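1. After the sequence you'll find the predicted model.
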Amino acid sequence: MKNVFVNGYGSIGSRIAEFIKDDSEINVIGVGKHSPDEKVDLAIKNGFSVYVPQKKIDNFKNYNISGSIESVLSDCDLVIDASPEGHGFINKKNLYEPNNIMAIYQGGETIYGDNAVSDLIFNSRVNYKKVLQKKHVMQGSCNVTGMGKILEPLRNKYGSNLIRFDVTLVRRWADLDQSDKQLVDTIEMSQHPHHGNDVKSYFGKDAPLFVRAIKVPTRQMHLHIMDIRFSGTAPNVDEIHSLFKDESGVVVLWTATNTKDVRDFANTMKFSFKDTNMVHIHANMSVAINDTVQIMYSDDQTGIVIPENHMLMQAMLFERSYEDALSHTNELFHMGDKKKLLEEHFRKN
Ligand SMILES: NC(=O)c1ccc[n+]([C@@H]2O[C@H](COP(=O)([O-])OP(=O)(O)OC[C@H]3O[C@@H](n4cnc5c(N)ncnc54)[C@H](OP(=O)(O)O)[C@@H]3O)[C@@H](O)[C@H]2O)c1
């Protein structure tokens, strides 16, 4: 049994903690909170011990917390850091490195420059074996994870026949649970989205990938619009879809007319947190034109990185083979059942 501490109990941390507490090999020794609010009681109600920064302990006197984050780390085999962007790096320097503890960081961090948390970004489908001996690894963000899940099977099948990928990321404004965050009635353009460079960290800096991003006022997932160019005539779309038949974490849907359709189905089927934990290729939008295949897929922003954190945790804690880790993750997250239900519900008419 390994002791894991989840530092941060927001959109990502609360999901990670809830799923891995059902893993019989893991003892979630607690979760970290920084603000004295109703989520402290929620975490306790959900069965977690709550720890807070030593210097903020006085702010939590009205809550039944279990102690300081600094103290709980001495019992810990690995931390999953789920703090807001940039704080993972600060936590690494102040907490994890001085205590010689392995840590996983989330997609708001970076592997570039002075604030790098790691020297690589994890994507289980692409570079699982590379993290087996690592102590500090960054999990890719939701968009970066989704692109890896789509691009890797294409690269495996078509290799040098792939000439170029052009991707427009249509990013959601906020998460469903972020009720305090208002949607703003505009379309925001990102000048320097990190996603292209993050994906290139595992595909190589010269990978012919061109990414641009806009943010739109929705909470209902990201949508990626991707044009894939081939050196000759492009394969037909059925061939492209068939590549994903047995891919874990990717489904091919035909009759979802919008991203909320998918989220609503997840809710109807009582998937945890209303998440599918996947990307969804909207097959009705796929077109092959001369040398190019155009596809669209939606990316479950909050859900997709959670099984990935579980894969990464198994690699770091147990140095498990990819196949064994995938099988364990698929079982814990019911990935096969969810894929079947989604593909059946949104099947071709
Ligand atoms: N949301 C998504 O869809 C998504 C998807 C993929 C990746 N990510 C990445 O995951 C990370 C977390 O994002 P999130 O959406 O879960 O954020 P969030 O909902 O704002 O939650 C952040 C949590 O971290 C806690 N926190 C604050 N300061 C901290 C610190 N110094 N150390 C540790 N924890 C601290 C907060 O505690 P209090 O509430 O008590 O202040 C809160 O529980 C970011 O890197 C983000 O880019 C997010």
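-> Received, thanks.
2. Okay, helices next: where are they in this structure?
-> 11-20, 38-45, 69-72, 87-91, 124-127, 142-158, 195-203, 237-242, 259-268, 305-318, 322-333, 335-345 (DSSP state H).
3. Now tabulate those in CSV and tack on distance to the ligand.
-> Any C-beta I mention is one placed from the backbone N, CA and C, and that applies to glycine too. Formatted as CSV, the helices of the chain follow (distance: least, Cβ to the nearest ligand atom, whole Å):
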stretch, distance to the ligand
helix 11-20, 3
helix 38-45, 6
helix 69-72, 8
helix 87-91, 4
helix 124-127, 15
helix 142-158, 4
helix 195-203, 11
helix 237-242, 26
helix 259-268, 13
helix 305-318, 5
helix 322-333, 16
helix 335-345, 18
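4. need the ones you listed in a markdown table with mean neighbour count, can you?
-> Listed next are these as a markdown table, based on neighbours: other Cβ atoms under 10 Å:
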| stretch | mean neighbour count |
| --- | --- |
| helix 11-20 | 22 |
| helix 38-45 | 15 |
| helix 69-72 | 18 |
| helix 87-91 | 21 |
| helix 124-127 | 22 |
| helix 142-158 | 22 |
| helix 195-203 | 21 |
| helix 237-242 | 15 |
| helix 259-268 | 18 |
| helix 305-318 | 23 |
| helix 322-333 | 17 |
| helix 335-345 | 16 |
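5. Mean pLDDT added to those helices, as CSV?
-> CSV is the format used below for the helices of the chain (pLDDT from 0 to 100):
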stretch, mean pLDDT
helix 11-20, 97
helix 38-45, 97
helix 69-72, 96
helix 87-91, 98
helix 124-127, 96
helix 142-158, 97
helix 195-203, 95
helix 237-242, 98
helix 259-268, 97
helix 305-318, 98
helix 322-333, 98
helix 335-345, 98
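6. right, so of those helices, which gets closest to Gln182?
-> helix 11-20 (16.1 Å; Cβ to Cβ).
7. what does the domain assignment say about this structure?
-> 2-140+305-332, 142-303+334-345 (automatic domain parsing).
8. before we move on, back to that, need the helices of the chain in a markdown table (columns: distance to Val216).
-> Formatted as a markdown table, these follow (distance: least, Cβ to Cβ, whole Å):
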| stretch | distance to Val216 |
| --- | --- |
| helix 11-20 | 18 |
| helix 38-45 | 27 |
| helix 69-72 | 36 |
| helix 87-91 | 26 |
| helix 124-127 | 27 |
| helix 142-158 | 14 |
| helix 195-203 | 16 |
| helix 237-242 | 26 |
| helix 259-268 | 11 |
| helix 305-318 | 21 |
| helix 322-333 | 28 |
| helix 335-345 | 23 |
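9. Residue of the stretch 201-349 of the chain closest to the ligand, please.
-> Gln301 (3.8 Å; Cβ to the nearest ligand atom).
10. Verify the contact between that residue and Val170 for me.
-> No: using Cβ atoms under 8 Å, Gln301 makes no contact with Val170, being 11.4 Å away.
11. Need the overlap of contacts for the two.
-> Residues touching both Gln301 and Val170 by Cβ atoms under 8 Å, 6 or more residues apart in numbering: His222.
12. Those two: who's more crowded?
-> Gln301 (25 against 20; other Cβ atoms under 10 Å).
13. Not counting sequence-adjacent ones, nearest residue to that one?
-> Closest residue to Gln301 apart from its sequence neighbours, by Cβ to Cβ, 6 or more residues apart in numbering: Cys142 at 4.5 Å.
14. isn't that neighbour right up against Ile304?
-> Yes: Cys142 is in contact with Ile304 according to Cβ under 8 Å; the separation is 5.2 Å.
15. which residues do these two both contact?
-> By Cβ under 8 Å, 6+ apart, no residue touches both Cys142 and Ile304.
16. What is the burial count for the closest residue to Met316 other than its chain neighbours?
-> Nearest residue to Met316 in three dimensions, chain neighbours excluded: Met102, at 5.5 Å (Cβ to Cβ, 6+ apart). Neighbours of Met102 under the rule other Cβ under 10 Å: 19.
17. residues in contact with the one residue in the chain that gets nearest to the ligand?
-> Closest residue of the chain to the ligand, Cβ to the nearest ligand atom: Gly10 (1.8 Å). Gly10 makes contact with 39, 82, 84, according to Cβ under 8 Å, 6+ apart.
18. Tell me which residues touch the second one, please.
-> Read that as Ala82. Neighbouring residues of Ala82 by Cβ under 8 Å, 6+ apart: 6-10, 12-13, 16, 106.
19. got it, and the last one?
-> Contacts of Pro84 were listed using Cβ under 8 Å, 6+ apart, and they are 8, 10, 108.
20. isn't the last one right up against Cys142?
-> I take that to be Gly108. No: here Gly108 lies out of contact with Cys142, judged by Cβ under 8 Å, at a distance of 10.4 Å.
21. what's the overlap in contacts for these two?
-> By Cβ under 8 Å, 6+ apart, no residue touches both Gly108 and Cys142.
22. dump the residue contacts of Ile150.
-> Listed by Cβ under 8 Å, 6+ apart, the contact set of Ile150 reads 224, 226, 250, 279, 281, 295, 297.
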